[in-house]
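[1] need coordinates for the below:
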Amino acid sequence: MATAAILAGGRARRFGGRPKALLPVGGLRIIDRLLAALGPVVGEVVIIAREDEPYRALGLPIRHDVLPGTGPLGGIYTALAATTAPRTLIVAADMPFLTSRFLARLLDAGRDVDIALPRTEDGYQPLCASYAATCATVIRRRLDENRLAVHGLLSATRVREIGPAEMARLDPTGKLCFNVNTPADYDRALALAPPRRG
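    Okay, here's the model as predicted:
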């Protein structure tokens with residue numbers, strides 16, 4: 001089966017250093033929402049993080065960046081290096097509204113390409129994507145050349161996009177690729193997912 005990697009390596013300066021993955025949304029921490037969505041579609045989940053402590057209680061493998069200071073692209077490389085699975089779902093740790101159905105579609109879309117990813121009105125979403133293990137070689141070369149832009153990887157690989165028309169069918173509320181970058185985003189996430197009752 002495929003593996004999933006949750007990229008949780010950001011410094012979260014806008015949140016006073018509190019890991020965004022641990023913020024509650026709709027009565028559950030974002031990380032718990034992600035694990036619930038990933039569980040039915042992958043065989044293993046790995047966390048890519050700067051520190052173990054915030055995530056130790058989850059009982060999941062935690063990996064630190066193989067090449068520190070290389071940003072999200074380095075996180076993707078670390079995720080691919082941490083597994084022997086032929087395909088890895090990469091998801092950012094601040095995406096509270098992903099669903100099992102959508103993640104399964106990403107895996108299916110990636111069967112015969114290097115990367116499968118959504119393209120929304122905001123553009124490509126490479127931090128919510130399915131990566132073939134073979135991408136590790138291309139990514140390592142780009143990291144060694146200090147070409148750290150994740151979007152640049154797309155022109156060097158075989159890509160299948162889940163475009164706006166299909167996204168509209170999969171995501172009629174427009175929430176799937178929402179991520180919590182700022183306190184204002186967090187306020188919006190809370191509004192989009194009111195606390196569970198009872």
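
[2] any low-confidence regions in the chain?
    Per-residue confidence for the chain (pLDDT under 70) gives these ranges: 11-12, 195-198.

[3] can you give me the helices in it?
    30-38, 71-81, 100-109, 135-144, 164-170, 183-192 (DSSP state H).

[4] can I get those in CSV with distance to A5?
    Placement of C-beta: from N, CA and C, glycine included. Listed next are the helices of the chain as CSV, based on distance: least, Cβ to Cβ, whole Å:
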stretch, distance to A5
helix 30-38, 10
helix 71-81, 3
helix 100-109, 12
helix 135-144, 12
helix 164-170, 22
helix 183-192, 22
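
[5] compare those and report which one is nearest to G59.
    For G59, the closest of the helices of the chain is helix 30-38, at 10.7 Å, according to Cβ to Cβ.

[6] next, count neighbours for A193.
    Other residues near A193 come to 18 when the count uses other Cβ atoms under 10 Å.

[7] nearest to E53, of the helices of the chain?
    Comparing the helices of the chain by their distance to E53 (Cβ to Cβ), the top pick is helix 30-38, with 13.6 Å.

[8] could I get the helices of the chain as TSV with mean neighbour count and distance to P61?
    Output for the helices of the chain, formatted as TSV (neighbours: other Cβ atoms under 10 Å; distance: least, Cβ to Cβ, whole Å):
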stretch	mean neighbour count	distance to P61
helix 30-38	21	13
helix 71-81	22	11
helix 100-109	18	19
helix 135-144	17	17
helix 164-170	13	29
helix 183-192	14	27
